[in-house]
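J.: no FASTA, just this:
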């Protein structure tokens, strides 16, 4: 792991702890009077910084430095692009709490969008020149396409707000479009591209075949499942048909994912036990979130999902924390990011995982309370405790990052390391291509 990669990953982890701090303040605001804090503005800062300062920064750093060969990942343009994303994220962090959607926060939000355009363009060109496997490229191309397309959401919101039309349907659909393409598009496919890359390093025909099929159907599913987000308003028959097609594609995705996992058991045994357990929890969260997403095509499930704030928040946290965050942390452990601080990092990850589970359970119980006798006045306090657990876990992980050794892979050895890590890839590429044709 080269020095530049470690630097960006460390910054990302610090940002994760800031996200947890903002989440704790939000939960505290519900229970205690905190003068001077605007809940809505702080919520905007929390969500925007979680997306840009934590997930996007960490995910793109891993993609650039772990998937691209050193001669491409060392390009100065990536340093500038990652710095641009960090600047945008920090600008939103410092402006949203004080002005909400105001001139400064909108400026930094817009800057982030244009930086993501540039990043996607440069990365797609370099991916096309690299020797990574075909399934990984399919996932990454679709992930970056979803990242770019997600900007349609904010631009539509800007139009609705500037025109003063008061179109509530368009306003809400714009939000759902952005969230879907970020969560179920860029975040999900980006993380699973890292997982696919791990499997592609092994020469195994069955895995190559299942991996290719999984990558294709998952990438396809991103677009019709967007219509699932529009079912809240009883749309026309075309949207409902697309939503049904999307739901079916998710079921097929799960079938191929299970087949992929079953054929990959021997390969996954090479992963360190702790990283394997955390990664398994993350992939279980992926299965759960995909099943829930597919089920929203059913009216009884859709009505609960779209009209229930705790359920929506629970789903978003399931994806962002249970799936994305846990997998990224498992990836850092597996890649050797934590050195002398590894034990402390494991403690922090365990605390974080426990808090995520508590948070999800309470949110779901709270969401189901209108239809089941599950309401309890203690739920807000339990969620506050879970938020403190999330903050404790992330701060512990940052402390572990600060304690780690300073050894990094010298640049002169990076090419040799890349070739060693990717040696079987050419065979895998051929087998994937053959299996799919």
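T.: Cool, got the structure. From a predicted model like this one, the values you see are computed outputs, not experimental measurements. Residues are numbered from 1 along each chain as shown.
J.: okay, residue 404: pLDDT?
T.: We have a pLDDT of 66 for residue 404.
J.: low pLDDT regions in this structure?
T.: 404-437 (pLDDT under 70).
J.: By residue count, what's the longest helix in it?
T.: Secondary structure of the chain per DSSP state H: the longest helix is helix 3-31.
J.: for that helix, which positions count as buried?
T.: 4-6, 8-9, 11-27 (16 or more other Cβ atoms under 10 Å). C-beta here means a position set from N, CA and C on the backbone, and glycine is covered the same way.
J.: Can you list the buried residues in stretch 127-144?
T.: For stretch 127-144, using 16+ other Cβ under 10 Å, the buried residues are 127, 130, 132-144.
J.: Sorry, slip of the keys, the one I care about is stretch 344-363.
T.: Buried residues in stretch 344-363, counted by 16+ other Cβ under 10 Å: 344-349, 351-353, 355-356, 358-360, 362-363.
J.: Distance of the residue positioned nearest the centre of the chain relative to residue 316?
T.: Computing the C-alpha centroid of the chain and ranking residues by Cα atoms, centre = their mean puts residue 187 first, at 3.4 Å. Distance, residue 187 to residue 316, using Cβ to Cβ, to the nearest Å: 11 Å.
J.: and residue 372, backbone torsions?
T.: phi -130, psi 150 (degrees, to the nearest 10).
J.: that older thread, distance from the longest helix of the chain to the middle of the chain?
T.: Helix 3-31 has its C-alpha centroid displaced from the chain centroid by 15 Å (Cα atoms, centre = their mean, to the nearest Å).
J.: And stretch 209-229, by the same measure?
T.: 16 Å.
J.: and if you look at stretch 267-274?
T.: That offset, for stretch 267-274, works out to 22 Å (Cα atoms, centre = their mean).
J.: Tell me the buried residues in it?
T.: Within stretch 267-274, the residues that count as buried by 16+ other Cβ under 10 Å are 268, 271, 274.
J.: What separation do you get for the closest residue to the first one other than its chain neighbours and residue 352?
T.: Excluding the flanking residues, the one nearest residue 268 by Cβ to Cβ, 6 or more residues apart in numbering is residue 276, at 6.3 Å. Between residue 276 and residue 352 the computed distance is 17 Å (Cβ to Cβ).
J.: my guess is the residue nearest to the centre of the chain meets residue 324, correct?
T.: Yes: between residue 187 and residue 324 there is a contact at 5.2 Å, judged by Cβ atoms under 8 Å.
J.: Find residues that contact each of these two.
T.: Both residue 187 and residue 324 are contacted by 55, 59, under the criterion Cβ atoms under 8 Å, 6 or more residues apart in numbering.
J.: What are the boundaries of the helices in the stretch 301-437 of the chain?
T.: 309-317, 326-334, 342-368, 379-403, 411-421, 425-436 (DSSP state H, counting those that start in this stretch).
J.: for the stretch 151-300 of the chain, same thing?
T.: Using DSSP H, counting those that start in this stretch, helices in the stretch 151-300 of the chain cover 152-163, 168-180, 188-200, 205-221, 237-263, 265-268, 273-295, 299-306.
J.: what's the closest of the ones you listed to residue 82?
T.: In terms of Cβ to Cβ, the element of those nearest to residue 82 is helix 188-200, at 14.7 Å.
J.: And the closest one, what does it pack against?
T.: helix 57-62, helix 134-149, helix 205-221, helix 273-295, helix 326-334, helix 425-436 (3 or more Cβ pairs under 8 Å, 6 or more residues apart in numbering; DSSP states H and E).
J.: a markdown table for these, including distance to residue 229?
T.: Formatted as a markdown table, these follow (distance: least, Cβ to Cβ, whole Å):
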| stretch | distance to residue 229 |
| --- | --- |
| helix 57-62 | 22 |
| helix 134-149 | 13 |
| helix 205-221 | 13 |
| helix 273-295 | 9 |
| helix 326-334 | 23 |
| helix 425-436 | 30 |
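J.: of all those helices, which lies closest to residue 102?
T.: Using Cβ to Cβ, the helices and strands packed on helix 188-200 put helix 57-62 closest to residue 102, at 23.5 Å.
J.: Show the subsequent helix or strand relative to the longest helix of the chain.
T.: Proceeding C-terminally, helix 3-31 gives way to helix 39-49 as the next helix or strand, assigned by DSSP states H and E.
J.: which residues touch that next one?
T.: 15, 18-19, 22-23, 25-26, 29-30, 89, 92-93, 96-101, 105, 109.
J.: Could you give me the buried positions within that helix?
T.: By 16+ other Cβ under 10 Å, the buried positions in helix 39-49 come out as 41-49.
J.: Can you spell out which helices and strands pack onto the longest helix of the chain?
T.: helix 39-49, helix 57-62, helix 76-99, helix 379-403.
J.: how far does the shortest one sit from the chain's center?
T.: This points to helix 57-62. Distance, centroid of helix 57-62 to centroid of chain: 10 Å (Cα atoms, centre = their mean).
J.: I'd like to know which elements that helix is packed against.
T.: Under the contact rule (3+ Cβ pairs under 8 Å, 6+ apart), helix 57-62 is packed against helix 3-31, helix 76-99, helix 188-200, helix 326-334.
J.: between those helices, which one is nearest to residue 284?
T.: The nearest among the helices and strands packed on helix 57-62, by Cβ to Cβ, is helix 326-334 at 9.6 Å.
J.: rewinding a little: and the helices of the stretch 151-300 of the chain as CSV, adding distance to residue 67?
T.: Shown next, in CSV, are those (distance: least, Cβ to Cβ, whole Å):
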stretch, distance to residue 67
helix 152-163, 27
helix 168-180, 25
helix 188-200, 6
helix 205-221, 14
helix 237-263, 19
helix 265-268, 18
helix 273-295, 17
helix 299-306, 34
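J.: Out of those, which one sits most buried?
T.: Comparing these by mean neighbour count (mean count of other Cβ atoms under 10 Å), helix 188-200 ranks first with a mean of 25.
J.: Just want the angle from that helix to helix 205-221.
T.: Angle between the axes of helix 188-200 and helix 205-221 is 170 degrees (criterion: axes from the mean of the first three to the mean of the last three Cα atoms, to 10 degrees).
J.: wait, residue 340 sits on residue 403?
T.: Yes: contact criterion Cβ under 8 Å: residue 340 and residue 403 qualify, at 5.8 Å.
J.: higher neighbour count, these two?
T.: Comparing residue 340 with residue 403 by other Cβ atoms under 10 Å, the one with more neighbours is residue 403, at 15 against 12.
J.: tell me the contacts of the more buried one?
T.: 340-341, 344.
J.: closest to residue 232 among those?
T.: Of the contacts of residue 403, the one sitting nearest to residue 232 (Cβ to Cβ) turns out to be residue 344, at 44.0 Å.
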